[in-house]
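Colleague: What follows is a protein structure lacking sequence information:
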Ligand SMILES: NC(=O)c1ccc[n+]([C@@H]2O[C@H](COP(=O)([O-])OP(=O)(O)OC[C@H]3O[C@@H](n4cnc5c(N)ncnc54)[C@H](OP(=O)(O)O)[C@@H]3O)[C@@H](O)[C@H]2O)c1
Ligand SMILES: NC(=O)c1ccc[n+]([C@@H]2O[C@H](COP(=O)([O-])OP(=O)(O)OC[C@H]3O[C@@H](n4cnc5c(N)ncnc54)[C@H](OP(=O)(O)O)[C@@H]3O)[C@@H](O)[C@H]2O)c1
């Protein structure tokens, strides 16, 4: 009979979900796996909090060192978040010979190289299924189930808050600021929503997925990131009329020259695509492998119990793996000594949606279209709105391009944005995924 | 350095895909996992066949006993299909202390109990990721990633042939027989398509998933199965007009009294649901867990390389697992000594679509609606077509019911079908999933 003792640090949203599942399902997990998993200690700054499940309160402490110094505890679950104390706890745990489970995508995206090296040199492991896609199994399928494949591309809607906001804007015709406020009231968005709406959280997650898919280190700072803050109801309406929905899309793609493109940006996706119909707080990740073809993983990307479900899966995985395992440790991570060469975003070729907020004056249209022409930007269609929503002297010009080189497009826009007749703050460039 | 020697039996569609991936990706799989996987022998009745990849032909044999008697081979991959020789090979391999990988859903659905018992008593394992959903990772996510959850329900579109036929009928307005012929010409349907169109293949797969989800043996013979052969273009048109698509749906569900309902039947699914938009040869499986909520797994459910990808994943899993693993073997299967209690289909409550082919005579409608009334079948809406497509004296009556008890519905139909004015062969009953 194998008993595995676990320590949890951080009993907030995810920590509470994890503790609940490990306690309430202890017997069932034993039936399924043959292992008893006991939470020996759980640590939080506030250990007076109430739970909606029975828990022996003697396991609580507010000093995480008690968990790390406990020789019986073999797995530390880090669920406090952030880069500082969380990192410190994980490093101490690994050095103490304990395996680690975390949901901390920010930390893994930025410091995986350092943390995995420490794990490797201590013969310990870090699992982080919950860090991407919350409850959706995606790390394990990518590492194991698709291991025979060369991953051609990954596309993901992996931030529930951003997706909720875009869904509400689309379905209820409400502007960004109002929906954001509603999302905060409902608890879908944090008090400081920057990471979610600026695409940073999404970038953390695609960094992790790209590393696993392409087997090397991705420098998070080099990932191209654009958020959703400047999308208007007008953009959504036009996109819908043209048969698209706008989603905050994370993509990772390998080119023939082995360069990897990793980016996050709002994107028009054809309504015929399943990804385009992933709504509200749901997440979905499409992975294309050379043998398996297109696969997709869908589910709740956040929340107490869905995320707890993924943390528990990692705990079970560690608990059922033989500690005397003789496979070289760390090979199921990625090669931390190999940095992937990230492709310059300017090299990418795509269709685009461009909305320019321009002065309603003779000559403006000609000026703009000439700049496009001079830079090889071929336009598929153009719409001029009668009146801009908020200013009677400015109107919106909307262009759909053919496939164009991003460098050319940037250059044309730089030239266009110089003009006093164009309001840069109220203009927008969105990718079209086809 | 760990080297794992593998033997493959059966080099048809899936065997060829598996061999190709193991040979072409040998180096990359080693990079990812730290293990070298060598196909030492491969067996087929016809070992003269040509492959589109380089292979050392000295590994071929037409005698599978050579693989089983080879002490160096630790994993046997069975890919010949069927119940007889395949079963024999697997049993011999397990008894010889080898682990087994198979894609044989028919065999696992019917004989898992016997085969897993043999595996357990020999300290060996059988993996079968490819048996359900082809290339889609579903067995592993269900066994491992969702292990903390109690599975509330599973819904799957898991037969590519049936889904291709229904998609073509829907999109191109072609009748069943013609699409089936086309599917056979394109190689999507077998010469004998019975297993696919009668729902038997789908039933094999949902039997396997239900066992894993609910942790016990499911008697395949007791699974409710209905195929797609009597669905007409008229049904599809009416379903579409009402906002549904018709899919061959496999479902497994646990009721509060612990009874499990496992069934396969053509079902109207709201076009708003993602499952409803899974088309052509794609498969999708929706799994709802009590903690994780709704998850979905999507991809190609068949084909040489997608299915090979799943077989390779199992081979890698075995190759990287420590053979001296001290977890009780078999616990990641299900409890083979526990037979799940299957719920009588008559107990189920659902909305239904009923098409009755009736004589166009005064009184028929009253007769039918009275029988419904007498049996508590409450009707939500009714459509009478002007003319039946193939007989001027008969017309179609289409009913959409409210939620009704299946037993009541069966009884009312038994009473209706007695009438000479109703053509039973040309009538149909389809479930509505809401
Ligand atoms: N929420 C989700 O749905 C979700 C989904 C996927 C991944 N994640 C990741 O999961 C992690 C946890 O997220 P969360 O939403 O659960 O955060 P949270 O609700 O803010 O919980 C963090 C908990 O850690 C406690 N804590 C902070 N510093 C501590 C310390 N030094 N010692 C002990 N406890 C300490 C906090 O206590 P106080 O409240 O008293 O400060 C709080 O209870 C983050 O890395 C997040 O990115 C979250
Ligand atoms: N095809 C798919 O997409 C798919 C997807 C999921 C699961 N599966 C399952 O995978 C298994 C294989 O399917 P498949 O489509 O690859 O079948 P297949 O193309 O018919 O291949 C079977 C192969 O086994 C050979 N064989 C038959 N008896 C043999 C024997 N005694 N010794 C050695 N070789 C023998 C056959 O040789 P001959 O041709 O010379 O008879 C044939 O090459 C089945 O269980 C199937 O249900 C298939």
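Modeller: Perfect, I can see it now. Quick caveat, the model's predicted, so the values are computed rather than measured. Ligands and ions are numbered 1, 2, ... in the order given.

Colleague: C-alpha from now on. contacts and neighbour counts both.
Modeller: Fine.

Colleague: Need the nearest residue in space to the residue in the stretch 101-250 of chain A positioned nearest to ligand 2, chain neighbours excluded.
Modeller: The stretch 101-250 of chain A approaches ligand 2 most closely through residue A:145 (15.1 Å), counting by Cα to the nearest ligand atom. In space, and not counting its chain neighbours, residue A:145 is closest to residue B:313: 4.9 Å by Cα to Cα, 6 or more residues apart in numbering or on different chains.

Colleague: And residue A:37, by the same measure?
Modeller: Once flanking residues are discounted, residue A:37 sits nearest to residue A:4: 4.9 Å by Cα to Cα, 6+ apart.

Colleague: the helices in the stretch 1-150 of chain A, which residues?
Modeller: Counting by DSSP state H, counting those that start in this stretch, the stretch 1-150 of chain A has helices at residues A:13-24, A:26-33, A:65-68, A:85-95, A:105-122, A:139-140.

Colleague: Mind putting those into TSV with mean pLDDT?
Modeller: What follows is these, written out as TSV (pLDDT from 0 to 100):
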stretch	mean pLDDT
helix A:13-24	97
helix A:26-33	89
helix A:65-68	98
helix A:85-95	98
helix A:105-122	92
helix A:139-140	92
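
Colleague: Of all those, which one comes closest to residue A:259?
Modeller: helix A:105-122 (19.1 Å; Cα to Cα).

Colleague: So which elements touch that closest one?
Modeller: helix A:85-95, helix A:200-214, strand A:335-339 (3 or more Cα pairs under 8 Å, 6 or more residues apart in numbering or on different chains; DSSP states H and E).

Colleague: at 10 Å instead, please
Modeller: If contacts are counted by 3 or more Cα pairs under 10 Å, 6 or more residues apart in numbering or on different chains; DSSP states H and E, helix A:105-122 sits against helix A:85-95, strand A:99-102, strand A:126-127, helix A:200-214, strand A:216-217, strand A:335-339.

Colleague: if you look at the longest one, does any of it touch ligand 1?
Modeller: No. Residues of helix A:200-214 contacting ligand 1 under Cα under 6 Å from any ligand atom: none, with a closest distance of 8.3 Å.

Colleague: tally of neighbours for residue A:414?
Modeller: Residue A:414 has 13 neighbours, counted by other Cα atoms under 10 Å in any protein chain shown.

Colleague: Could you check which residue of the stretch 301-434 of chain A lies nearest chain B?
Modeller: Nearest to chain B, among the residues of the stretch 301-434 of chain A, is residue A:306, at 3.8 Å (Cα to the nearest Cα).

Colleague: Just to check, that residue is in contact with residue A:135?
Modeller: Yes. Using Cα atoms under 10 Å, residue A:306 is in contact with residue A:135, at 4.3 Å.

Colleague: what touches both of those two?
Modeller: Both residue A:306 and residue A:135 are in contact with A:299-300, B:146, B:291-295, where contact means Cα atoms under 10 Å, 6 or more residues apart in numbering or on different chains.

Colleague: just to revisit the earlier point, of the helices and strands packed on helix A:105-122, which is nearest residue B:350?
Modeller: Of the helices and strands packed on helix A:105-122, nearest to residue B:350 by Cα to Cα is helix A:200-214, at 40.1 Å.

Colleague: next one: the closest one to chain centre, how far?
Modeller: 7 Å (Cα atoms, centre = their mean, to the nearest Å).

Colleague: And stretch A:88-97, by the same measure?
Modeller: 26 Å.

Colleague: close to ligand 1, is it?
Modeller: No. Stretch A:88-97 is not in contact with ligand 1 by Cα under 6 Å from any ligand atom; minimum separation 8.9 Å.

Colleague: what's in contact with that stretch?
Modeller: Residues contacting stretch A:88-97 (Cα under 10 Å, 6+ apart): A:9, A:64-65, A:67-71, A:73-78, A:80, A:85-87, A:98-102, A:114-116, A:118-126.

Colleague: among those, which ones are buried?
Modeller: Buried members of those, counted by 16 or more other Cα atoms under 10 Å in any protein chain shown: A:9, A:64, A:67-68, A:73-78, A:80, A:86-87, A:98-102, A:115-116, A:118-120, A:122-126.

Colleague: hang on, the earlier thing: a markdown table for the shared contacts of residue A:306 and residue A:135, including secondary structure, distance to residue B:23 and neighbour count?
Modeller: Below are the shared contacts of residue A:306 and residue A:135 laid out as a markdown table (DSSP: H, G, I helix; E, B strand; the rest coil; distance: Cα to Cα, whole Å; neighbours: other Cα atoms under 10 Å in any protein chain shown):
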| residue | secondary structure | distance to residue B:23 | neighbour count |
| --- | --- | --- | --- |
| A:299 | strand | 35 | 26 |
| A:300 | strand | 37 | 25 |
| B:146 | coil | 32 | 27 |
| B:291 | coil | 40 | 25 |
| B:292 | coil | 38 | 28 |
| B:293 | strand | 39 | 18 |
| B:294 | strand | 37 | 20 |
| B:295 | strand | 34 | 24 |
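
Colleague: And the furthest pair within those?
Modeller: The widest separation within those (Cα to Cα) is 12.9 Å, between A:300 and B:146.

Colleague: what do the two both touch?
Modeller: Common neighbours of residue A:300 and residue B:146 (Cα under 10 Å, 6+ apart) are A:135-136, A:306, B:292, B:295.

Colleague: Could you work out the most separated pair of these?
Modeller: Top of the distance list for the shared contacts of residue A:300 and residue B:146 (Cα to Cα): A:306 and B:295, 9.8 Å.

Colleague: coming back round to it: mind listing what the residue of the stretch 301-434 of chain A closest to chain B touches?
Modeller: Contacts of residue A:306 (Cα under 10 Å, 6+ apart): A:14, A:17-18, A:130, A:133-136, A:299-300, A:312, B:146, B:149, B:289-295.

Colleague: so what pLDDT did the closest residue to it other than its chain neighbours get?
Modeller: Nearest non-adjacent residue to residue A:306, counting by Cα to Cα, 6+ apart: residue B:292, 3.8 Å away. For residue B:292, the pLDDT comes out at 97.

Colleague: Could you do residue A:422 as well?
Modeller: 94.

Colleague: ditto for residue A:332
Modeller: Residue A:332 is given a pLDDT of 45.

Colleague: Please apply the same query to residue A:167.
Modeller: 97.

Colleague: What about it, how many residues nearby?
Modeller: Other residues close to residue A:167 by other Cα under 10 Å number 23.
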